[in-house]
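Engineer: A structural model of the following input is requested.
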Amino acid sequence: MELLTGTADIDDLDTFLGELEGVGEEFGCTVQAFDARYIAGPGQLDRAVDLANRASERGEAIARKRSVEVLLYAAGRRQINRAFEIGVSEGEREVVLVVDGEDESEGVEALSKLVEPADWEPGERADEERIAEFYGITDAERAATDASLAELVCERVALLVVER
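Structural biologist: A predicted model of the protein is given here:
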């Protein structure tokens, strides 16, 4: 798995998503785009990809498209419409792209033409309040543990397997 962070100027969401899918098909990769504000760290995405791969291998995938399966796990949600909240939307957005598959490096290079690459890491643009609200992480829960917000989000991602 490789990650690409940057800024995307999305005029038409369907067109942008189609371009991502086209790059994925060309290079044998799954490509999924996330709103950087919802990404607590790279571990969240690594875990989501691993769990999506495992579900697919076992014939237990929730979604028909692997990219959507990755989105569901990253969101810790079974409902696609709710999971879309952490995806991208129209306008100028800071994004994190997940590229997983055969020729990831070539895929990232091609995606760099669709997104203005940046040198920040996933999690550095996180909106902690937005993340806590989306994942239902309360102040009391955060106060009761030494775990970071990113670690708590990874727990939520992993819980999707249990909730099946």
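
Engineer: Residue 106 and residue 122, how far apart?
Structural biologist: Taking C-beta to C-beta, to the nearest Å as the measure, residue 106 falls 21 Å from residue 122. Placement of C-beta: from N, CA and C, glycine included.

Engineer: Please say which of the two ends up with more neighbours.
Structural biologist: residue 122 (24 against 15; other C-beta atoms under 10 Å).

Engineer: Check the contact between that one and residue 39; I expect there is one.
Structural biologist: Yes. Counting by C-beta atoms under 8 Å, residue 122 does reach residue 39; the two are 4.8 Å apart.

Engineer: Dig out what the residue nearest the centre of the chain forms beta bridges with.
Structural biologist: By C-alpha atoms, centre = their mean, the chain has its centre lying nearest to residue 34, at 4.7 Å. Taking DSSP bridges as the rule, residue 34 bridges to residue 96.

Engineer: check contacts around it.
Structural biologist: By C-beta atoms under 8 Å, 6 or more residues apart in numbering, the contact set of residue 34 is 45, 71, 74, 86-88, 95-98.

Engineer: Which of those fall in helices?
Structural biologist: Those of these mapping onto helices are 45, 71, 74, per DSSP state H.

Engineer: and which of these is nearest to residue 113?
Structural biologist: residue 45 (21.6 Å; C-beta to C-beta).

Engineer: Contacts only, for the spatially closest residue to that closest one that is not a sequence neighbour.
Structural biologist: Among residues not flanking residue 45 along the chain, residue 98 sits closest, at 5.3 Å (C-beta to C-beta, 6 or more residues apart in numbering). The neighbourhood of residue 98, defined by C-beta under 8 Å, 6+ apart, consists of 1-3, 30-34, 45, 48-49, 70, 74.

Engineer: Are any of those residues buried, and if so which?
Structural biologist: Using 16 or more other C-beta atoms under 10 Å as the burial test, these include 1, 3, 30-34, 45, 48-49, 70, 74 as buried.
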